[in-house]
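**Student:** how would this look folded up:
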Amino acid sequence: MDAEGLPLLLPPTTLVALADSWLREDCPGLNFAALATGAGPSRAALWAKSPGILAGRPFFDAVFAQLDCQVSWFLPEGSRLKPVVRVAEVRGPAHRLLLGERVALNTLARCSGIASAAGAAVELAKAAGWAGRVAGTRKTTPGFRLVEKYGLLVGGAACHRYDLGGLVMVKDNHIVAAGCVDKAVQGARRAAGFELKVEVECGSLREAEQAASAGADLVMLDNFKPEELHSTAAALKARFPGVTVEASGGVTLDNLPQFCGPHVDVISLGIQSERKAASTPKGAPPPGGL
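**Tutor:** Here you go, the predicted model:
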């Protein structure tokens, strides 16, 4: 998917609401620092000081749009950053530039970090010759899910389920509460109707076969060691060739290639990164770096 077209997925009203909530959180009362700068016209440059993938332009724009500042971009969404490079320039009243600076930078850096980690995972899978999909889990930061899921897409990974309503996931606790795999899957199947898929988290081949037999669309082989994963996936596919097999649990960028195999369709992991892929380097050229 072309990263430049991905901003179309983001509803404008949602962007406005997010930007407003972030700015209100950061400055819920008086902005005393505004008296130090005044309201004169100013401009600030954004420089990339770390390699990675640029992601999050729509969120950055939304923050400064709330403050009546104008952003000019020099690189498209999804660009591979080769520091040190000028990424954008923001113009507006000095006190408003500084009011939005940290909020906009934090959002862009977080989104770019997620995209960079996702891109690295996808590249590792491709290098292993695997044709499946790398996906991010629902282990997102509360209140920041849209940013992080969007970053996954820019990095080339799949979102998996965006929320609890995007896919009916039957986990081990659901199975315990229902009494057995069959009852849990049958209940989920009734709730899913025709429009939602059902996935079942399984810890053994026996559970996986029970889930597939009961009507699961996807079977997650959870916390399997690579050597156990591939033999289990092969046995499951032999009986149920139409079921989608997902590997999850214990997957990292270091060991991801070990989970790639011909009978595994999806590998999911929590793609998180604190790396600041876009911010201001020391000694950045004037005028004022963001």
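
**Student:** Please compute how far the helix or strand hosting Lys126 lies from its chain's middle.
**Tutor:** Per DSSP states H and E, Lys126 falls inside helix 94-127. Distance of helix 94-127 from the chain centroid (CA atoms, centre = their mean, to the nearest Å) equals 10 Å.

**Student:** Against which helices or strands is it packed?
**Tutor:** Packing contacts for helix 94-127, counted by 3 or more CB pairs under 8 Å, 6 or more residues apart in numbering; DSSP states H and E, involve helix 12-26, helix 34-37, strand 41-48, strand 52-53, helix 57-66, strand 133-136, helix 145-154, helix 256-259. Heads up, the C-betas are built off the backbone N, CA and C, glycines and all.

**Student:** Mind listing what's buried along the second one?
**Tutor:** Buried residues in helix 34-37, defined by neighbour count with 16 or more other CB atoms under 10 Å: 34, 37.

**Student:** could you give the mean pLDDT of it?
**Tutor:** On average, the pLDDT along helix 34-37 is 92.

**Student:** Ok, the third one next?
**Tutor:** If you average the pLDDT over strand 41-48, you get 96.

**Student:** buried set for that strand?
**Tutor:** For strand 41-48, burial by neighbour count (16+ other CB under 10 Å) applies to 42-48.

**Student:** Same list (those) but as a markdown table, adding distance to Lys149.
**Tutor:** Output for the buried residues of strand 41-48, formatted as a markdown table (distance: CB to CB, whole Å):
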| residue | distance to Lys149 |
| --- | --- |
| Ser42 | 34 |
| Arg43 | 32 |
| Ala44 | 29 |
| Ala45 | 29 |
| Leu46 | 23 |
| Trp47 | 27 |
| Ala48 | 23 |
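
**Student:** related to what we said a few turns ago, which of the helices and strands packed on helix 94-127 sits closest to Ala88?
**Tutor:** Across these, Ala88 has its closest neighbour in strand 41-48 (4.3 Å, CB to CB).

**Student:** What's the end-to-end length of stretch 258-270?
**Tutor:** 17 Å (CA to CA, to the nearest Å).

**Student:** and what of stretch 80-99?
**Tutor:** Start-to-end span of stretch 80-99 (CA to CA) is 28 Å.

**Student:** now that stretch: mean pLDDT?
**Tutor:** 96.

**Student:** Distance from it to the middle of the chain?
**Tutor:** Centroid separation for stretch 80-99 versus its chain: 23 Å, with CA atoms, centre = their mean.

**Student:** Please apply the same query to stretch 205-218.
**Tutor:** Distance, centroid of stretch 205-218 to centroid of chain: 28 Å (CA atoms, centre = their mean).

**Student:** Could you list the residues in contact with that stretch?
**Tutor:** Applying CB atoms under 8 Å, 6 or more residues apart in numbering, the contact partners of stretch 205-218 are 167, 170, 175, 180-182, 185-186, 189, 197-200, 202, 219, 221, 232, 235-236, 239-240, 243-246, 266.

**Student:** So which bits of that stretch are buried?
**Tutor:** Neighbour counts over stretch 205-218 (16+ other CB under 10 Å) mark 205, 207-212, 214, 216-218 as buried.

**Student:** now do stretch 60-77
**Tutor:** Using 16+ other CB under 10 Å as the test for burial, stretch 60-77 gives 60-67, 69, 71, 75, 77.

**Student:** Adding distance to Ile271, write these out as a markdown table.
**Tutor:** As requested, the buried residues of stretch 60-77 are exported to a markdown table (distance: CB to CB, whole Å):
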| residue | distance to Ile271 |
| --- | --- |
| Phe60 | 20 |
| Asp61 | 24 |
| Ala62 | 23 |
| Val63 | 23 |
| Phe64 | 27 |
| Ala65 | 28 |
| Gln66 | 28 |
| Leu67 | 30 |
| Cys69 | 31 |
| Val71 | 27 |
| Leu75 | 22 |
| Glu77 | 18 |
